[in-house]
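Trainee: Sequence first, then the predicted structure:
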Amino acid sequence: MKPGRPRIVVTGVGIVCPVGSGRSAWEALLAGQSGFAEVASFDTARFRVHRGGEVRHGDPAEAVERLDPATVGRASQLAIWAARIALSDASIDPAALDPSRGAVVMGTTSGEPGIVEAFDDRLLAEAGEDPEHAFADRYPCHVIAANLAAEVGWSGPVAMIPTACAAGNYALAAASDHLRADRCDVVLAGGADCFSRITWTGFARLGAIAPDVCRPFDRDRRGMIPGEGAGVLVLETLERARARGARIYAEIAGYGISCDAFHMTAAHSQGAGAARAMEKALRAAAIEPSEVDYISAHGTGTPTNDKLESLAVKRVFGTDCRVPTSSIKSMIGHTMGAASAIEAGVCALAIDEGIVPPTMNFTAPDPDCPLDCVPNEARRMRVDVAMNNAYAFGGNNASVILRRCEP
């Protein structure tokens, strides 16, 4: 961190995922609970795989208070739900803030696929378009951030970052830049994606979905499990947070972004882009690899991606790296654009509470993934520095470093 630059801190964490929302989600992750079940939102009979991670413990529409829930897609509803949790956690009343000084930066993979799926269903049924549910102004991915801003009444910078499964980390990076440039006082930053037939079909046709559970870094891993959810963090400058007596979970110490420029869906064969993002993040945070206490892995559970991520970690941290490295996707599945936002929230909580979540379903070590993956049980440990990694189709890589905020 360059001297004199505003320090950016996390003062609120909002998580909605298949194992719970808010505090219950965090406790479920530490307990190793699974959010996988037979898919309920659509018929998977045509597919060879049938399990997913859906949010079933509540109706996200109930979080929508200012807008009409019928005009807001499920991904936006999940984002609003997570944002309300985060704002409450940060003790911030959005109506008490100068609207022009409140910003929203969100990431996504698919936007609002449920809107276009409903429209397509009507066409297939020869019912034509229903003007009450036209998708033209409700489907594009930017509506998630726009709906969230409208719901909380903020008119500062609003941005949607559609960099697929790394989008949550990209959003945190952009939000930090907004605060350092004094464009706003508070940012709601994160990611959201909902369960959809579109996403499911794409991964099923790639043969990437596991038939039972997700086993990151395990020798017998067979793929990812699609999930849904939202992660929203409240970010503000350290100066403002201290002035209002806010609880500070962690500091956003730095970030690194790179692109493989290698293949549309496959990661670089030597993990070069992923390693470069980690190296950039370490430099930006002025932190040595030896200072990192915990790595929140991308950890999808696919044979190739886990192998390449392990290779990238070894390139940065050394071949004898024993930094605890776990993947919560083993419990909630891959929540797409929400994944790294949820995982960033987990990193902040791990720093604050001194415990890291496990990688569940681990049964057999893989020589290609020689990491300490915190197998099957949460680990009590002091975490001063956490690295949150996210990689995506198109070769998008983003690493964010969170650090304990010392006086």
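Mentor: That came through, no problem.

Trainee: Tell me how many other residues surround residue 230.
Mentor: Residues near residue 230, counting by other Cβ atoms under 10 Å, number 38. In short, each C-beta sits where N, CA and C put it, glycine included.

Trainee: could I get the helix or strand where it lies in CSV with only the CA atoms?
Mentor: Take DSSP states H and E as the rule and residue 230 turns out to sit in strand 229-237. Extracted as CSV, the C-alpha positions of strand 229-237 are listed here (Å, rounded to 0.1, in the frame of the first residue of the first chain):
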residue,chain,number,x,y,z
GLY,A,229,-26.4,-17.0,-4.2
ALA,A,230,-25.1,-13.5,-3.6
GLY,A,231,-22.3,-12.0,-1.6
VAL,A,232,-22.2,-8.3,-0.8
LEU,A,233,-19.6,-6.4,1.3
VAL,A,234,-19.9,-2.9,2.7
LEU,A,235,-16.7,-1.1,1.9
GLU,A,236,-15.6,2.3,3.1
THR,A,237,-12.4,4.1,4.0
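
Trainee: Against which helices or strands is it packed?
Mentor: In terms of contact count using 3 or more Cβ pairs under 8 Å, 6 or more residues apart in numbering; DSSP states H and E, strand 229-237 is assigned the packing partners strand 8-17, helix 74-89, helix 167-180, strand 186-193, helix 339-353.

Trainee: For those, state which one has the densest average packing.
Mentor: Per-residue neighbour counts averaged over each of these give the maximum for strand 186-193, namely a mean of 35 (mean count of other Cβ atoms under 10 Å).

Trainee: just to revisit the earlier point, which among the helices and strands packed on strand 229-237 is found nearest to residue 103?
Mentor: Comparing those by their distance to residue 103 (Cβ to Cβ), the top pick is strand 186-193, with 4.4 Å.

Trainee: Run the chain-centre distance for that closest one.
Mentor: Using Cα atoms, centre = their mean, to the nearest Å, the distance from the centre of strand 186-193 to the centre of the chain it belongs to is 9 Å.

Trainee: now stretch 16-32
Mentor: How far stretch 16-32 lies from its chain's middle: 14 Å, per Cα atoms, centre = their mean.

Trainee: Okay, now it: how far is its last residue from its first?
Mentor: One end of stretch 16-32 to the other measures 16 Å (Cα to Cα, to the nearest Å).

Trainee: hang on, the earlier thing: put together TSV for the helices and strands packed on strand 229-237, with distance to residue 364 and mean pLDDT on each row.
Mentor: Shown next, in TSV, are those (distance: least, Cβ to Cβ, whole Å; pLDDT from 0 to 100):
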stretch	distance to residue 364	mean pLDDT
strand 8-17	27	98
helix 74-89	35	98
helix 167-180	30	98
strand 186-193	31	98
helix 339-353	24	98
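
Trainee: Now tabulate these in CSV and tack on distance to residue 38.
Mentor: Supplementary listing: the helices and strands packed on strand 229-237 in CSV, determined by distance: least, Cβ to Cβ, whole Å:
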stretch, distance to residue 38
strand 8-17, 18
helix 74-89, 19
helix 167-180, 27
strand 186-193, 20
helix 339-353, 22
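
Trainee: Quick check: which of those is nearest to residue 231?
Mentor: Between residue 231 and those, the shortest gap by Cβ to Cβ is with helix 339-353, which sits at 3.2 Å.

Trainee: gap between the closest one and the chain center?
Mentor: 9 Å.

Trainee: and it with strand 8-17, angle?
Mentor: Relative orientation of helix 339-353 with respect to strand 8-17: 120 degrees, computed using axes from the mean of the first three to the mean of the last three Cα atoms, to 10 degrees.

Trainee: Okay, now the unreliable bits of the stretch 201-350 of the chain?
Mentor: Counting by pLDDT under 70, the ranges of the stretch 201-350 of the chain that qualify are 262-269.

Trainee: what are the ranges of the helices in it?
Mentor: Using DSSP state H, counting those that start in this stretch, the helices found in the stretch 201-350 of the chain span residues 238-243, 272-285, 303-317, 329-332, 339-353.

Trainee: cool, the stretch 1-150 of the chain as well?
Mentor: All helices of the stretch 1-150 of the chain, identified by DSSP H, counting those that start in this stretch, fall at 23-30, 74-89, 113-124, 143-152.

Trainee: With distance to residue 325 added, can I get those in CSV?
Mentor: Listed next are the helices of the stretch 1-150 of the chain as CSV, based on distance: least, Cβ to Cβ, whole Å:
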stretch, distance to residue 325
helix 23-30, 15
helix 74-89, 25
helix 113-124, 31
helix 143-152, 30
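
Trainee: Of these, which is nearest residue 338?
Mentor: Counting by Cβ to Cβ, residue 338 lies closest to helix 74-89 out of those; the figure is 7.5 Å.

Trainee: and the closest one with strand 186-193, angle?
Mentor: If you take the same axes, to 10 degrees, helix 74-89 sits at 140 degrees to strand 186-193.

Trainee: for helix 74-89, packing partners?
Mentor: Using 3+ Cβ pairs under 8 Å, 6+ apart as the contact criterion, the elements in contact with helix 74-89 are strand 8-17, strand 20-21, helix 113-124, helix 143-152, strand 186-193, strand 229-237.

Trainee: run the last query once more with 6 Å
Mentor: Taking 3 or more Cβ pairs under 6 Å, 6 or more residues apart in numbering; DSSP states H and E as the contact definition, the neighbouring helices and strands of helix 74-89 are strand 8-17, helix 143-152, strand 186-193, strand 229-237.

Trainee: chain center to it, what's the gap?
Mentor: With Cα atoms, centre = their mean as the basis, the distance from the averaged C-alpha position of helix 74-89 to the chain average is 13 Å.

Trainee: List the contacts of it.
Mentor: Outside helix 74-89, the residues that touch it by Cβ atoms under 6 Å, 6 or more residues apart in numbering are 12-14, 16, 22, 60-61, 63-64, 94, 112, 114, 144, 147-148, 151, 188, 192-194, 230, 232, 234.

Trainee: What residues of stretch 308-327 count as buried?
Mentor: Of the residues in stretch 308-327, those buried under the neighbour-count criterion (16 or more other Cβ atoms under 10 Å) are 308-317, 321, 323-327.

Trainee: Closest one to residue 212 out of these, please.
Mentor: Among those, and counting by Cβ to Cβ, the member closest to residue 212 is residue 327, at 16.4 Å.
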